[in-house]
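1. Sequence below, structure please.
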Amino acid sequence: MIEWWMIVLAIMGYKFLVNWWRRLKMGSYIDDFMSYMKNPEDAELATRMARNKESIRKLCHKANVGVETRIPVEQYVGVGLIRTQQVPPLPNLLSTDERVAYKNWELLNAAYGVYRSRMWETFSLAYWIELIVFFPRHVASYLQIPLNRVADWTLEIVWLVFQTFVIGSILDRYKPEITQWVMETLGL
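-> Numbering: from 1, shown residues only. Predicted coordinates for the structure are as follows:
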């Protein structure tokens with residue numbers, strides 16, 4: 001029979017492994033990016049970077065990094081004429097323009113840091129408590145449902161009432177076991 005702690009360990013293991021793998025992939029992409037910036041004429045490396053561009057974009061998007069970022073770029077287009085525009089850095093990953101390349105380097109390293117942070121927060125009790133207490137907000141964020149203050153507050157109140165009933169029924173059901181565990185833990 002599957003115990004509740006096995007499910008919790010499976011969820012924690014999954015969260016840790018997914019973020020570990022994403023961090024590993026992002027580290028590999030950063031290494032390739034830095035090698036490409038040092039030698040943009042390397043056709044094999046340019047091809048590999050072009051093939052991985054969509055994977056890199058998805059990893060950055062999952063880390064919520066660089067989604068809305070734009071960089072001002074000026075381009076000389078003729079005698080005394082300059083065109084200015086705002087370009088997203090990630091679709092221009094292979095650009096050797098110094099500003100675009102630096103912003104891409106920042107975004108890739110930020111995503112790497114996000115995955116490293118998520119990997120280790122797996123073991124944080126505060127993270128899991130916050131996740132449970134503010135579960136509706138996390139679900140809405142995951143589903144990309146925009147909530148205004150009133151809707152967010154209402155969901156939180158309903159969720160807290162639900163949690164109160166669930167915790168009350170668990171305490172009522174397992175009161176002897178919980179009491180015994182507390183007594184043994186405190187040495188009474």
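
2. Please report the distance of the most centrally placed residue in the chain from Leu160.
-> When CA atoms, centre = their mean is applied to the chain, the residue found nearest the centroid is Ala63 (3.3 Å). Per CB to CB, to the nearest Å, Ala63 is found 30 Å from Leu160. C-betas here are computed from N, CA, C, even on glycine.

3. try Gly113
-> Distance from Gly113 to Leu160, by CB to CB: 32 Å.

4. And Glu74, by the same measure?
-> Relative to Leu160, and taking CB to CB, Glu74 is found at 53 Å.

5. Next secondary structure after whichever helix or strand Leu17 is part of?
-> Leu17 is located in helix 4-38, with elements delineated by DSSP states H and E. On the C-terminal side of helix 4-38, the closest following helix or strand by DSSP H and E is helix 43-62.

6. Now do that following helix and helix 4-38, the angle between them.
-> 140 degrees (axes from the mean of the first three to the mean of the last three CA atoms, to 10 degrees).

7. which helices and strands does helix 43-62 pack with?
-> The elements that helix 43-62 packs onto, with contact taken as 3 or more CB pairs under 8 Å, 6 or more residues apart in numbering; DSSP states H and E, are helix 4-38, helix 98-121.

8. Could you pull out the buried residues of the last one?
-> For helix 98-121, a neighbour-count test (16 or more other CB atoms under 10 Å) marks 100-101, 103-104, 107-108, 111-112, 114-116, 118-119, 121 as buried.

9. which other helices and strands contact that helix?
-> Short answer (3+ CB pairs under 8 Å, 6+ apart): helix 98-121 packs on helix 4-38, helix 43-62, strand 71-78.

10. the domain parsing of the chain - what is it?
-> 1-123, 125-188 (automatic domain parsing).

11. Cool, thanks, signing off.
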